[in-house]
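1. below: sequence and its predicted model.
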Amino acid sequence: MPMQFSFTDEQEAFRLSVRRFMEDKSPTTEVRKLMATPEGYDPAVWRQMSQELGLTGIHIPERYGGQGFGFIELCMVMEEMGRAVFCAPYFSNVLAATAILEAGTESQKQALLPALADGSRLATLATTEAPANWSAETTETTAEQNDSGFRLNGSKTLVVDGHTADLLIVLARSPGTSGAYGLSLFTVAGDSVSRRLLNSLDETRKLAQIEFDNTPAELLGELHGAGITMPRILDQAAVALASESVGGAQKMLDSALEYAQMRMQFGRPIGSFQAIKHKCADLLLEVELAKSTAYYAAAAVAENAQDLPAVASLAKACSCDTYMKAAQECLQIHGGIGFTWENDTHLYFKRAKSSQVFLGDPNYHRDQLVLRWEA
Amino acid sequence: MPMQFSFTDEQEAFRLSVRRFMEDKSPTTEVRKLMATPEGYDPAVWRQMSQELGLTGIHIPERYGGQGFGFIELCMVMEEMGRAVFCAPYFSNVLAATAILEAGTESQKQALLPALADGSRLATLATTEAPANWSAETTETTAEQNDSGFRLNGSKTLVVDGHTADLLIVLARSPGTSGAYGLSLFTVAGDSVSRRLLNSLDETRKLAQIEFDNTPAELLGELHGAGITMPRILDQAAVALASESVGGAQKMLDSALEYAQMRMQFGRPIGSFQAIKHKCADLLLEVELAKSTAYYAAAAVAENAQDLPAVASLAKACSCDTYMKAAQECLQIHGGIGFTWENDTHLYFKRAKSSQVFLGDPNYHRDQLVLRWEA
Amino acid sequence: MSESTSTTARETQIRAEVRAWLEDNWDPNLSLHEWRNRLIDSGWGCASWPEQWYGKGLSVGLGAVVDDEIRQFGAVSVAKAGVRMLAAATILEHGSDLHKEKFLRPLLTGEDTWCQLFSEPGSGSDLAGLTTRADFDGEHWVINGQKVWTTSAHHAQYGMLLARTNWDVPKHQGMTYFLIEMEQPGVEVRPLKQMNGHASFNEIFFTDAKIAPEFMVSTEGNGWKVAMTTLAHERRLADGIRSWARGEKGSGRVFDELRAEIATVMEPYKWYPQRAGRVDLLLERAKATGRINDPVVRQAIAEVLIKAKAAEWTGRRVKAAHALGRPPGPEGSLGKLAGSQVARLAAHAHTLIAGGEAMLAGDDGAMNGLISEILVSVPAESIAGGTDEIQRNIISERSLGMPKEARTDIDRPFRDVPRNTVS
Amino acid sequence: MSESTSTTARETQIRAEVRAWLEDNWDPNLSLHEWRNRLIDSGWGCASWPEQWYGKGLSVGLGAVVDDEIRQFGAVSVAKAGVRMLAAATILEHGSDLHKEKFLRPLLTGEDTWCQLFSEPGSGSDLAGLTTRADFDGEHWVINGQKVWTTSAHHAQYGMLLARTNWDVPKHQGMTYFLIEMEQPGVEVRPLKQMNGHASFNEIFFTDAKIAPEFMVSTEGNGWKVAMTTLAHERRLADGIRSWARGEKGSGRVFDELRAEIATVMEPYKWYPQRAGRVDLLLERAKATGRINDPVVRQAIAEVLIKAKAAEWTGRRVKAAHALGRPPGPEGSLGKLAGSQVARLAAHAHTLIAGGEAMLAGDDGAMNGLISEILVSVPAESIAGGTDEIQRNIISERSLGMPKEARTDIDRPFRDVPRNTVS
């Protein structure tokens, strides 16, 4: 498999444009404002990002109203958003679009994707029930079929941007089934459920609890098809999150370096002390290694590689651990200043902590990696 | 429980006398000579150590010919021997004496212990069969009883000093039993078995493979009593090994420090570089912490504390990991010199590596710690 | 040998004297200040202090015996904890009679609260690099600059201030120690919010604040030496606060007022147990969530337990050696460094146990937000009171005798030393 | 975009020329030296060398294309690997015509073996601190001192020697580079046994060894600069050896002689794969022993796999960036540091998998002693070729642009620099 180990000039130019947009529209002063609101995003910036830059449709094919780029470009966007701790319902939209692309029928794709691609409709994916378990197989929410269609009962939690989404893609099972069998995906109107914004550790990532009480739902794709599609959707989600994380990790390294060069103690920059120098050297290594895993995994999605399941877990475990470590070390190098609310480090620290456990913690993914490895 | 957190002046004086003996009789030049021999000890030094210093009988009660000190003093001896990578069948003798003390009848103690206490007879404990498993419960060696007594069949491996021992204490089970039930300890004459010196990673610790082929054996203590006594014997063994390990770890720290102060690079001692200073500071912390666990565990044995099982595992995991780390870092600080055969570091490195897995690796003991913890 | 020192005849006699006095004088229905004034006047409140200053001139060891007897009796002690005791120790050692006369009694009764004004945004690990200035205008010392990490400054009457009075001498020689009145126009106190949402500290801005000349401690330029006394006592502060907060269970007016006092003083410290990682909760949480059944989670918990118990036992070895008059061996910096590692490992184990719940905080978080508070508080453990890096310097240089870092900032006028221009 | 550079017309043409020449000239039944002399004379053996010295003056990139074509054709190349290529590169860049005439051809045919005489017991990380001396006695340079970590010195005809010729100038300015004949009375070679039982290196003792003046390279005092050329090529050495050792499968006299040559040259390196941790064996071993069923062991294996794959992919990113002419980004020191971490993690995982068997070695050890060889070889991975600490210095200073360590040893006569007195 001819795997990608570098980006093309066009891709690098694209990255630069996303980075500039983020620097311009999402400085941390803005992030702080938005994270304090329940909605958690700026509609004007969202519109501009969706319609002028086309980021919401980046990996959606042109025939469904998207930009028609690949998963690699999507991951570049995630990386730059991670670098900016961007506060907006982007990742949730990606999750939903990915689920529709993987599971939906041709007519559903045509019906649902254009509004996601142009950002006019917000969507998310609701899968998780027991917080400690990210496997689709333990789903308990039921989907009962009657003459008028499907009705959902149960609840979902940790639903990213679930409180603002117009459209929910919900994982549920037919009554009486268990395990991977009997699972299907459904679309549900956001305003047809009872939902509640949760108090999240990372205030830039809004999470919701959603209750289904005989909620009308439409089947997405095939009945009982989610046993096949969900693992692939979750692998892609893990890779996207890994990409976001390496963006954040690089930012933490940059921030640590900048501070270490500037901060004087004992008459010299603290970056001249070997303890700080070696900490930064180790961090550079970690970050470069993590980037390599995220880039490789993005290419594995793009090329539909056979080893994707193992590689997705590898990238998730490596990138999210690295992000956490980078945030910790950046904070440590900042000293007391780094522990203050005013300093931006904690925004990243909390995103890192949240990402570490989101979609399965590193131990879970390390285990998956070995079990999935084919060598 | 009034636990001991310091040694008495008498104990400190005793430690000093053992240390001086080791420095005098077991410099590494001697260790290197002995480790290259199959016997692995110097009979003259052994006699002097046993008869003049009484070290072989240190924790054996006076009524059985021993010195009548406690387990704490035994552990001090182990610590000093660890510091010297002493090459002699001492630990094996301790294992055997402990087994007899824990399991033997009064008359067996009277019959067997005096010769162990004065060092005139070498003994060891043979329990392990599958190298990866240190639990007594998987024992497969059988002890069949007939009119003339017991006959053993099966094999043991990793038997410390098993090739030179006059007396073997052997764990075996009655035919048809399984698990903790049906286990007994037996005494077997060393010259009645077929045995082979194994090629050991740590050449200062001699290991043997032993085969039992209808070998006559005498029951030690109660029939089927080993399900109760073996865990306690193994706990004490783990604590003794932890003590030996902290002695070795301290020596590695001392050696690293000495070298770092002396070795000049770039016109200054390498110990003036923060990278080396901080490495040594971390090592001091690790070694002091490990010592605390070994001392606490020794006191837990001495006081027959209820939390001994958890504490023994804690000390074993902590001390052996610390020894390994100390040896690694000492070697790293020495650089290329540390990797040579001529430099003594590898003697300790190999002892540390061997001790890490001996009696159960740190993961095993960490798991036991949590399962045994009562809080 | 056990770690407690053996009982001596002198100790027994002192305990009897204290008990006799308490039996005659203790009255839980007095106001807190009335009771403390009575205790102060008796000399038992601070028995190790000199006789002319509220004490009985006893040794520090016997002073602790007296305090123990008061505690065992169930009586309330003087306000002998928190930042104010740093002030007391410093004033006793370096203060003038005026200082002792004016400050010691209201400090012991609890009427006066104190704060410590040492750290600055630009001088953290390098405390001696401070740039808050004190200039004498012929009548007063005029203070300009900024301090930070000041606990309880918003309700303190007085502050211990370290400021630079001479910029033309090496950094350690140009500082002077002052006692400053906090309630004056030139002093602005702003709460400093932390990443865990608490605001336990303050930033203090001085704009032409004034100090009368008699409130200089020791002499001009001798501030570093005086500050060392304060800092030496700071290391014992955390322990003191913990034991002091215990005596809050009695009934009577004096206890009611004591509880109110404790609540105020303890407020900034309420997240400190979380900062240390809450090792005590790990097994309970693992069992409650069922995560104890995951062998990998058990490994993480075991790593915490090992380090935490080893650190606890090492602390007791240090105390036992101290009690026996042996050389101290492993010292404070080791405990600090171990604590920082324990906290970090514990936060990691808590994360594994919480799983997805670690994404939530406050009411929605595990244990009503307590777990998330751990996760966003532990980073302080490896910074506050000297970073891990500083501890490793101290350990390597003091405990191990390794060569000191070459310094380029201490042998020339402070004016010429490169330093932080902004914050 | 894929990592391979796109095929150019020039490349296609060169490949055709090489292939045509090989079709006419390749004969596996020649002796190895006969064949290599033929290849050397054609200019294809070292196509990127200058035309007057056995080459065709091609770019390094096209030189690699020629080598690739020879490999693909199945022919044997010149003795273009190992320490002798460091000598060749240095002689080509800094040597005199005499040096080139005398040394290059027998080096390329494989007749001459070389060794590198830089490291000393007293100067490891600080190579420029060396104290082996070269004094001119009016006729010869007279060498006294000791070198160490010299691979293959026991069968080398020549050595690249760095020695101090001036003690009164700063350390980097007092060294001179020589080409020394190893088979002479003043040179004693002793094997140096390592902790893993192998003796891949030698110690070399010089006692009044002699070098004729014409075998100085470049000028007196310019040795450091010349040595940099040697060292720059050393970093590529390991790769070169690995790829070179491949071409051993053919039949015919030339291959028989090649296999014998490879066996000799590779002997010191046979434990190198174990030094790197043998990541390739982990899953196989875990499955064979059943330890794969332990979730804690799976974690340890996963940690190795993650770091090893990440390091491999990072290496390919570096190469891809290089191929595109982009700034190199993460560089050699990162790979070195990653490799050292991988080796250590792998040894740990192998230990867990082996369990008690890790106590055994040789015939009794797991995989006939291969596993124990890993355990006692990995410590070298974080030392050889520059310790982890040195790599972190390089990364922080060169890749991250952090301030350099203040140096006190480079601005004064070497004579006055504190240094190791013994070893």
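-> Nice, thanks for sending it over.
2. give me the contact list for stretch A:38-54.
-> Contacts of stretch A:38-54 with the rest of the structure, by CB atoms under 8 Å, 6 or more residues apart in numbering or on different chains, involve A:17-18, A:21, A:25-26, A:30, A:34, A:55-57, A:66-67, A:87-90, A:117-120, A:161, A:163-164, A:197, A:204, A:206. Where you see a C-beta, it was placed from the backbone N, CA and C, and this is true even at glycine.
3. wait, what's in contact with residue C:99?
-> With contact taken as CB under 8 Å, 6+ apart, residue C:99 is in contact with C:91, C:179, C:215, C:217.
4. likewise residue A:204?
-> A:31, A:34, A:35, A:40, A:85, A:86, A:87, A:347, A:350, A:351.
5. next, the nearest residue to residue C:105 once chain neighbours are set aside: phi, psi?
-> Nearest residue to residue C:105, sequence neighbours excluded (CB to CB, 6 or more residues apart in numbering or on different chains): residue C:40, at 6.3 Å. Phi and psi for residue C:40, reported as degrees, to the nearest 10, are phi -60, psi -50.
6. neighbours around residue C:40, how many?
-> Taking other CB atoms under 10 Å in any protein chain shown as the criterion, the count of residues near residue C:40 is 20.
7. wait, what's in contact with it?
-> Under the contact definition (CB under 8 Å, 6+ apart), the residues listed for residue C:40 are C:46, C:54, C:78, C:105, C:108, C:109.
8. neighbours around the fourth one, how many?
-> This means residue C:105. By other CB under 10 Å, 18 other residues sit near residue C:105.
9. I'd say it and residue C:54 touch.
-> Yes. Checked against CB atoms under 8 Å, the pair residue C:105 and residue C:54 is within contact range at 7.1 Å.
10. mind listing the helices for the stretch 251-375 of chain A?
-> Using DSSP state H, counting those that start in this stretch, the helices assigned to the stretch 251-375 of chain A run over residues A:274-302, A:308-334, A:345-357, A:362-372.
11. so which of these comes closest to residue D:338?
-> Taking CB to CB, helix A:274-302 is the member of the helices of the stretch 251-375 of chain A nearest to residue D:338, at 6.1 Å.
12. the closest one vs helix B:274-302, what angle?
-> 90 degrees (axes from the mean of the first three to the mean of the last three CA atoms, to 10 degrees).
13. and helix A:274-302, what's its mean pLDDT?
-> This predicted structure assigns helix A:274-302 an average pLDDT of 97.
14. and the angle from it to helix A:308-334?
-> Calculated by the same axes, to 10 degrees, helix A:274-302 forms an angle of 160 degrees with helix A:308-334.
15. from the chain's centroid, how far away is helix A:274-302?
-> Taking CA atoms, centre = their mean, to the nearest Å, one finds the center of helix A:274-302 at 19 Å from the center of the full chain.
16. what helices or strands is it leaning on?
-> Contact partners of helix A:274-302 among helices and strands, from 3 or more CB pairs under 8 Å, 6 or more residues apart in numbering or on different chains; DSSP states H and E: helix A:71-83, helix A:226-262, helix A:308-334, helix B:274-302, helix C:388-394, helix D:295-323, helix D:332-354, helix D:388-394.
17. in that helix, what's buried?
-> A:274-302 (16 or more other CB atoms under 10 Å in any protein chain shown).
18. what's the angle between that helix and helix D:332-354?
-> Between helix A:274-302 and helix D:332-354, the angle comes out at 80 degrees (the same axes, to 10 degrees).
19. before we move on, back to that, reformat the contacts of residue C:99 as TSV; add distance to residue C:197 and secondary structure.
-> Formatted as TSV, those follow (distance: CB to CB, whole Å; DSSP: H, G, I helix; E, B strand; the rest coil):
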residue	distance to residue C:197	secondary structure
C:91	35	helix
C:179	33	strand
C:215	36	helix
C:217	36	strand
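20. report the two of these separated the most.
-> Using CB to CB, the two most remote members of these are C:91 and C:215, lying 10.8 Å apart.
21. mind listing the shared neighbours of these two?
-> The overlap between the contact sets of residue C:91 and residue C:215 (CB under 8 Å, 6+ apart) consists of C:99, C:179.
22. so how do I select the buried members of the contacts of residue A:204 in PyMOL?
-> Provided next is the PyMOL selection string for whichever of the contacts of residue A:204 are buried by 16+ other CB under 10 Å:
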select buried, chain A and resi 31+34+35+40+85+86+87+347+350+351
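23. now flag whichever of the contacts of residue A:204 is closest to residue B:367.
-> Proximity of these to residue B:367 (CB to CB) peaks at residue A:350, which lies at 32.0 Å.
24. for that closest one, which non-adjacent residue is closest in space?
-> On the basis of CB to CB, 6+ apart, the spatially nearest residue to residue A:350 that is not a chain neighbour turns out to be residue A:202, at 4.1 Å.
25. list phi and psi for the one you found.
-> Phi and psi for residue A:202, reported as degrees, to the nearest 10, are phi -90, psi 100.
26. likewise for residue C:406?
-> Note on residue C:406: backbone dihedrals following degrees, to the nearest 10 are phi -60, psi 130.
27. so it versus residue B:334, what's the distance?
-> From residue C:406 across to residue B:334, the span is 24 Å (CB to CB, to the nearest Å).
28. who's more crowded, the two?
-> Relative neighbour count places residue B:334 above the other of residue C:406 and residue B:334, with 23 against 9, counting by other CB under 10 Å.
29. I'd guessed that one sits against residue B:342; true?
-> No. In this structure, residue B:334 is not within contact of residue B:342 by CB under 8 Å, at 11.3 Å.
30. shaky segments in the stretch 201-350 of chain C?
-> Filtered on pLDDT under 70, the stretch 201-350 of chain C yields the residue ranges C:235-248, C:327-331.
31. of all residues in it, which one is closest to chain A?
-> residue C:296 (5.0 Å; CB to the nearest CB).
32. what's the local residue count around that residue?
-> A count of nearby residues for residue C:296, using other CB under 10 Å, gives 20.
33. quick check: it touching residue D:295?
-> Yes. Here residue C:296 reaches residue D:295: they are 5.4 Å apart, a contact under CB under 8 Å.
34. hey, what's in contact with both of the two?
-> When CB under 8 Å, 6+ apart defines a contact, the residues bordering residue C:296 and residue D:295 alike are residue A:367.
35. shaky segments in chain A?
-> Per-residue confidence for chain A (pLDDT under 70) gives these ranges: A:1-4, A:131-132, A:375.
36. how many neighbours does the residue in it positioned nearest to chain C have?
-> In chain A, no residue comes nearer to chain C than residue A:267, which is 2.8 Å away by CB to the nearest CB. When neighbours are defined as other CB under 10 Å, residue A:267 has 20 of them.
37. contacting residues for it?
-> Residue A:267 makes contact with C:129, C:407, C:408, C:409, C:410, C:417, C:418, C:419, according to CB under 8 Å, 6+ apart.
38. surely residue A:276 is in contact with residue C:388?
-> No. Counting by CB under 8 Å, residue A:276 stays clear of residue C:388, with 11.6 Å between them.
39. just the buried ones from the contacts of stretch A:38-54?
-> For those, burial is judged from neighbour counts taken by 16+ other CB under 10 Å, and it is met by A:18, A:21, A:25-26, A:30, A:34, A:55-57, A:66-67, A:87-90, A:117-119, A:161, A:163-164, A:197, A:204, A:206.
40. hmm, back to that, ok, of the contacts of residue A:267, which come out buried?
-> Here the buried ones among these, as counted with 16+ other CB under 10 Å, turn out to be C:129, C:409, C:417, C:419.
41. what does the strand or helix carrying residue A:185 contact?
-> Using DSSP states H and E, residue A:185 sits within strand A:183-189. Outside strand A:183-189, the residues that touch it by CB under 8 Å, 6+ apart are A:99, A:103, A:108, A:112, A:136-137, A:139, A:143, A:150, A:152, A:166-174, A:177, A:212, A:215-227, A:229-230.
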